[in-house]
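K.L.:
Provided below for reference: sequence and predicted model.
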Amino acid sequence: MLIRIDPGSGVAIFDQIAASVRADASRGRLRPGDRLPAARELAEALEVNVHTVLRAYQQLRDEGLIDLRRGRGAVVTDAAARGSELLDAVRALVADARRAEVPPQTLLTLIREEYAA
Amino acid sequence: MTAPDRPPRARLPLSYWVVAVGLPLIVGAVAVAVQLAWLPELPDPIAIHWGGDGVDGFAPAWFSTVLSAGLSLGMTALFAVILGTARGSAGAPTLKLLVVTSLATSVLLGVLMTASVGIQRGLDDASEAPAIDGWLGIAFAGALLAGAVSWFALPRAKAPLADAAHVEPLRLVAGERSAWIAGTRLSTGAIVVVLTGVGVALAATVFAVIATEGRTWPLLAIPVFVLALCALGVSWRARVDARGLTVSSRPFGWPRVRIAASEIAEVQTSHVEPLAEFGGWGWRWAPGRSFGVVTRSGEAIEVRRRDGRRFTVTVDDAATGAALLAAYAASATEIRERGPQTGSARGNG
């Protein structure tokens, strides 16, 4: 699992950690049942405070992406698999848009209108 | 950026097959022929086992000949199957070692079984058979000699790293602190093999303890110790961060391998076959490959240190981990080459 943290980006570090986990889950790299590294270990690797990592994990738990269990640590839930199905749909959509020579901005506008409807 | 695919079956040169199968069959045939020729001169039954106080096992005269033939065919077939199903580079030292071992084993068995029959020629009673110790030494010496000669006669074993794939370092943003963490575990097949081996050792030790009415119970410590060591080698965690690569055993974190980013000269990915290239699974050493933590066949991160030593770790998504490690190694090299920044004395550039 790759966690990319850019301290200068203005985005809070725990947000970046959560975003990395979400990205890996939707890319299929993290599957339901996989265990995330222990918060202490990840904090040591990233050279951040362990509470920063814990906050990211709590955020992911609130989103339903992981389960925090005593003794077992952070375990990826089945909800992660749904993310990867979405990614497949996105890939197909982008491929269709490319074939139709629709630029990304137009596609994004269409998607936003769908959400609003 | 994909890791290399699983390689096809190794195409072994003809010389390997000659030494691993052809010569052992000849040795076996000669041993059987000689024993058959001596058959009329042997007592009936013949001695087949020597214990602490002389001969303590007997069998019909033809037993030894049949056993010789069976062992020769069986062992050679076993080696042939192992070599025939091997994947990866044909030059791997482990494969060459197997070939040479096949010949050495056949020489050992052939000489020993023929000698055990030969010393009983012309005897009326098998229990008068002399000790076999001297022939045991000769058989081992012959096996070692055959092994050594064939090792040097066969083509050189090459380090199978020609298929390692180049890794493009990840582009790091200034000040970026990224990490890559992955776990890896012995494949189920490997665990079965290891447990079977330790299980057999444990059963043999238990048998020995029972046979000596419990007096040798401290012997049990050995298979238990071996089992503990194996347990330490089952599950590993690999981590790439700004400081370098750390591979540690779960759950205790020890044994552990740490390679600092500044020590790394090159990072690649490769396909690794643990059995063929390292002779087994876990934390291992192999000639030409140096150390490695190899748990399953598949993609792996290959590191070459600045002093030439290599390290291999089999892990999923090796390409990403290798890319991050290459990036950190490159930036650590830059820092080292630039030297410590001492402020205004540096001038332009």
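P.N.:
Okay, I see it.

K.L.:
ok, now which ones touch the residue in chain A that chain B sits nearest to?
P.N.:
Distance from chain B to each residue of chain A (C-beta to the nearest C-beta) is smallest for residue A:45, at 3.7 Å. Using the backbone N, CA and C atoms, a C-beta is placed for each residue, glycine as well. The contact partners of residue A:45, taken as C-beta atoms under 8 Å, 6 or more residues apart in numbering or on different chains, are A:3, A:37, B:179, B:181, B:239, B:241.

K.L.:
can I assume the second one sits in a strand?
P.N.:
No. Under the criterion used here (DSSP: H, G, I helix; E, B strand; the rest coil), residue A:37 is coil, not part of a strand.

K.L.:
Provide a list of residues in contact with it.
P.N.:
Neighbour list for residue A:37: A:1, A:45, B:181, B:237, B:239 [criterion: C-beta under 8 Å, 6+ apart].

K.L.:
Which strand or helix spans the residue of chain A closest to chain B?
P.N.:
Per DSSP states H and E, residue A:45 falls inside helix A:39-46.

K.L.:
Give me the mean pLDDT for the helix or strand just after that helix.
P.N.:
The C-terminal neighbour of helix A:39-46 among helices and strands, as given by DSSP H and E, is helix A:50-63. Averaged over helix A:50-63, pLDDT sits at 92.

K.L.:
How about stretch B:99-110?
P.N.:
Stretch B:99-110 comes out at a mean pLDDT of 94.

K.L.:
tell me which parts of chain A are close to chain B?
P.N.:
Contact residues, chain A versus chain B (C-beta under 8 Å from any C-beta of the partner chain): A:1-9, A:29, A:35, A:37, A:41-42, A:45-48.

K.L.:
which among these end up buried?
P.N.:
A:1-7, A:29, A:37, A:41-42, A:45-46, A:48 (16 or more other C-beta atoms under 10 Å in any protein chain shown).

K.L.:
Identify the farthest-apart pair in the residues you listed.
P.N.:
Pairwise distances among those were taken by C-beta to C-beta; the largest, 23.8 Å, belongs to A:7 and A:29.

K.L.:
mind showing which ranges of chain A have poor pLDDT?
P.N.:
Chain A contains residues with pLDDT under 70 at A:83-84.

K.L.:
Could you pull up the residues touching residue 104?
P.N.:
The chain I'm using is chain A. By C-beta under 8 Å, 6+ apart, the contact list for residue A:104 reads residue A:97.

K.L.:
my question was about chain B
P.N.:
B:143, B:144, B:146, B:147, B:150.

K.L.:
so what's the second one closest to, chain neighbours aside?
P.N.:
Read it as residue B:144. Closest residue in space to residue B:144, ignoring its immediate chain neighbours: residue B:104 at 6.8 Å, by C-beta to C-beta, 6 or more residues apart in numbering or on different chains.

K.L.:
the helices in chain B, which residues?
P.N.:
B:14-17, B:23-38, B:62-84, B:93-118, B:133-153, B:188-211, B:221-232, B:318-338 (DSSP state H).

K.L.:
which of these is buried the deepest?
P.N.:
helix B:93-118 (a mean of 22; mean count of other C-beta atoms under 10 Å in any protein chain shown).

K.L.:
what's the angle from that one to helix B:23-38?
P.N.:
Counting by axes from the mean of the first three to the mean of the last three C-alpha atoms, to 10 degrees, helix B:93-118 points 0 degrees away from the direction of helix B:23-38.

K.L.:
any idea how far helix B:93-118 is from the chain center?
P.N.:
18 Å (C-alpha atoms, centre = their mean, to the nearest Å).

K.L.:
so what's the residue in the stretch 151-300 of chain B that chain A sits nearest to up against?
P.N.:
Residue nearest to chain A within the stretch 151-300 of chain B (C-beta to the nearest C-beta): residue B:179, separated by 3.7 Å. By C-beta under 8 Å, 6+ apart, the residues touching residue B:179 are A:2, A:3, A:5, A:42, A:45, A:46, B:239, B:240, B:241, B:242, B:324.

K.L.:
and if you look at residue B:38?
P.N.:
Taking C-beta under 8 Å, 6+ apart, we find residue B:38 in contact with B:117, B:118, B:121.

K.L.:
likewise residue B:201?
P.N.:
Listed by C-beta under 8 Å, 6+ apart, the contact partners of residue B:201 are B:222, B:223, B:226.

K.L.:
you'd agree the first one is up against residue B:205?
P.N.:
Spelled out, it's residue B:222. Yes. At 6.6 Å, residue B:222 and residue B:205 qualify as touching, with contact defined as C-beta atoms under 8 Å.

K.L.:
Make JSON lines from the contacts of residue A:45 and add distance to residue A:52 to it.
P.N.:
Listed next are those as JSON lines, based on distance: C-beta to C-beta, whole Å:
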{"residue": "A:3", "distance to residue A:52": "12"}
{"residue": "A:37", "distance to residue A:52": "14"}
{"residue": "B:179", "distance to residue A:52": "13"}
{"residue": "B:181", "distance to residue A:52": "16"}
{"residue": "B:239", "distance to residue A:52": "18"}
{"residue": "B:241", "distance to residue A:52": "15"}
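
K.L.:
Going by distance to residue A:110, which of those residues wins?
P.N.:
Minimum distance to residue A:110 across the contacts of residue A:45 is 32.4 Å, recorded for residue A:3 (C-beta to C-beta).

K.L.:
what's the residue closest to the geometric middle of chain A?
P.N.:
Centroid-nearest residue in chain A: residue A:22, 1.0 Å away (criterion: C-alpha atoms, centre = their mean).

K.L.:
Retrieve the pLDDT associated with residue B:221.
P.N.:
As predicted, residue B:221 sits at a pLDDT of 90.

K.L.:
Let me fix that, I meant to ask about residue B:91.
P.N.:
pLDDT, residue B:91: 66.

K.L.:
and if you look at residue B:348?
P.N.:
51.

K.L.:
thought residue B:219 was touching residue B:207?
P.N.:
No. Applying C-beta under 8 Å, one finds residue B:219 not in contact with residue B:207, separated by 10.5 Å.

K.L.:
for the record, mean pLDDT for stretch B:141-148?
P.N.:
For stretch B:141-148, mean pLDDT is 95.

K.L.:
hang on, the earlier thing: work out for me the element the residue nearest to the centre of chain A sits within.
P.N.:
For residue A:22, the element it lies in under DSSP H and E is helix A:13-26.
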